[in-house]
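Q: Whatever this is, show me its structure:
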Amino acid sequence: MSTRSAWRTRIVHAAGVAVLAVTALAVTPAQAGPAPRLPIVFVHGNSGSVAQFETQFQRFASNGYPQELMFAYEYDTSGPDNTRAIAELEPFVDDVLARTGAAQVLLAAHSRGTTVSHAYLADAAHAAEVAKYVNLDGRSSATPPGGVPTLAVWGEWQSPPNPVRGVVGVIGGATNVYNRQFGHTETSTSAKTFADIYRFWFGEDPATTDVVPGPPGRVEVAGRAVLFPQNVGYAGTTLDVWEVDPATGQRSKSRPEASYAIDQTGAFGPLRVHGQKTYEFVLTREDGSVHHFYQQPFASDDHFLRLNTGRPGAGLEAFTKHDDRHVNLTFVRGRELWGDQPDSDVLTVDLLGDGTPALNVLTPGVAPRTGPGGPNGNTGEVNALFLTDVGARTATGYADPDQLTDLDKGQLFPFNNLTFLAAADVFVPADQSAAATVRLTMLPRGGGAPDVVNVPNWPSTDHRITITFRDYLRDRYSLGHYQRALLGS
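A: Next comes the predicted model:
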């Protein structure tokens, strides 16, 4: 008879709110005492962070896994060398073991993170500290790295019969799962992958693959404000969190919900928020310019929120135009944006009250699935889309903004050379008071409820706007009250 304790995880409803309940079943004396939970460590890929596993951590929590046993190892991917990332994974894991009192961890890695993890596991002493390993759409090998039991999950880049990268991924002696229907990042974020990981780690199906909403008034969030793609805290900035009117994006109170001085860790929170309200995270940089992050309502606790930004005028920001007549928008989703498929995503931008119809910005040229996105052969896989106003193409970039939208330019230079990133020429009028509303609607491929986010039309001279859309599909039951109102349901 098995000595593992039997547990039932069930979804119950109280006062219209879905609540996760974990209850012990009757067991024989030989079954008494649940096996200790092991800490989970996630290692991200290139240009990544814990954002590639943020939803999965929420799914683990929805199945009763303690938040305090979930950890993210984040490192600098601005260059090609992994030496430091490999070296610093050892003390990170040792610290996790010390903090939790566990003897081993459960390790999962995505993309470039699998190369870091394979190198780490090549040391027998390190491998002994890992109970099971999950390899997400990354490196192949003849045997499980370090001899650790391994699950390898592959997306369209390396899945048969026609892998985008030309070679089928495989780890010899491991359980290999192929998902030709998934993009590279979706391989890490999907509900199916969560179920595969859960079964591999725990020997049973999860009770749910949903992100189960918690009591709306008791949702807690925390995270880091970091420089992209270095993943270092943006020391010297300040962060204010505002409740906003979901219909306009305007701040609904005279004072922020919370304010933080950001240090070298980038950490902020934990902060209690309401799961049916909308928030703006405002990062003020050293020159006074502001990066606005608009978040959809937090259905459940999220301790891995990441606010990715850059220094004024540096990095990717140097390739977007800044003018008091237009808005700069960035959309982020941990599920590839596809604009050239029979079932494509639709992302519309609409300045309310200007008399022009909403514009779908996900054209085949802007958001291809895998085909060339520009003259230098971007392979698609768009997870972040920048909208800015530019003029005609020049030898070194683009002429000054012309207050015209031209999606026929396709992906703008140099984003057309960067995997995971794209940019398009879209004119969204701004004004100094930011009194007008820009409505952003995501109709996700595969169905599910639309996501609607409204933001003020901040001028791009001193303001950047980032909107993060969920990487999972939602039924209408999980919509917040304001979303239902916006959709007329």
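Q: What segments of the chain are helices?
A: With DSSP state H, the ranges of helices along the chain come out as 54-62, 83-100, 112-121, 124-127, 186-189, 191-202, 481-486.
Q: the domain parsing of the chain - what is it?
A: What automatic domain parsing lists as the domains of the chain is 1-33, 36-202, 216-486.
Q: Turn the ones you listed into JSON lines, columns for distance to residue 210, mean pLDDT and mean neighbour count.
A: Placement of C-beta: from N, CA and C, glycine included. Below are the domains of the chain laid out as JSON lines (distance: least, CB to CB, whole Å; pLDDT from 0 to 100; neighbours: other CB atoms under 10 Å):
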{"stretch": "domain 1-33", "distance to residue 210": "8", "mean pLDDT": "34", "mean neighbour count": "11"}
{"stretch": "domain 36-202", "distance to residue 210": "6", "mean pLDDT": "97", "mean neighbour count": "20"}
{"stretch": "domain 216-486", "distance to residue 210": "8", "mean pLDDT": "92", "mean neighbour count": "19"}
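Q: any chance of these in JSON lines, with distance to residue 208 too?
A: Below are the domains of the chain laid out as JSON lines (distance: least, CB to CB, whole Å):
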{"stretch": "domain 1-33", "distance to residue 208": "6"}
{"stretch": "domain 36-202", "distance to residue 208": "6"}
{"stretch": "domain 216-486", "distance to residue 208": "12"}
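Q: picking up where we left off before, which among the helices of the chain is found nearest to residue 142?
A: helix 112-121 (11.4 Å; CB to CB).
Q: Residues contacting that closest one, please?
A: Here helix 112-121 makes contact (CB atoms under 8 Å, 6 or more residues apart in numbering) with 42-46, 48, 75, 77, 82, 85-86, 89-90, 93, 107, 109, 126-127, 130, 133, 135-139, 141, 145-146, 148.
Q: May I have it as CSV, with CA atoms only?
A: The C-alpha trace of helix 112-121 is given here as CSV (Å, rounded to 0.1, in the frame of the first residue of the first chain):
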residue,chain,number,x,y,z
ARG,A,112,18.7,29.8,-22.5
GLY,A,113,18.0,28.8,-18.9
THR,A,114,18.3,25.2,-19.9
THR,A,115,21.9,25.8,-21.0
VAL,A,116,22.6,27.4,-17.6
SER,A,117,20.9,24.5,-15.9
HIS,A,118,22.7,21.7,-17.9
ALA,A,119,26.0,23.3,-16.9
TYR,A,120,25.0,23.5,-13.3
LEU,A,121,23.8,19.9,-13.2
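Q: centre of the chain versus that helix, how much separation?
A: Mean-position distance between helix 112-121 and its chain equals 21 Å (CA atoms, centre = their mean, to the nearest Å).
Q: One more: stretch 263-276?
A: Mean-position distance between stretch 263-276 and its chain equals 16 Å (CA atoms, centre = their mean).
Q: Surely residue 220 touches residue 273?
A: Yes - Residue 220 is within contact range of residue 273, at 7.4 Å (criterion: CB atoms under 8 Å).
Q: Help me confirm that residue 456 comes into contact with residue 242.
A: No - using CB under 8 Å, residue 456 makes no contact with residue 242, being 11.3 Å away.
Q: Provide the backbone phi and psi angles at residue 172.
A: phi -60, psi 140 (degrees, to the nearest 10).
Q: need the contact list for residue 388.
A: Contact analysis of residue 388 by CB under 8 Å, 6+ apart lists 320-321, 326, 328, 401, 412, 423, 425-426, 460.
Q: Out of the domains of the chain, flag the one nearest residue 209.
A: domain 36-202 (4.0 Å).
Q: first to last residue in that closest one, what's the distance?
A: With CA to CA, to the nearest Å as the measure, domain 36-202 spans 12 Å from end to end.
Q: Would you mind confirming that residue 188 is in contact with residue 53?
A: Yes - the pair residue 188 / residue 53 is scored as a contact, 6.6 Å apart, by CB under 8 Å.
Q: what's the overlap in contacts for those two?
A: residue 110.
Q: I'm done for today, thanks for sticking with me.
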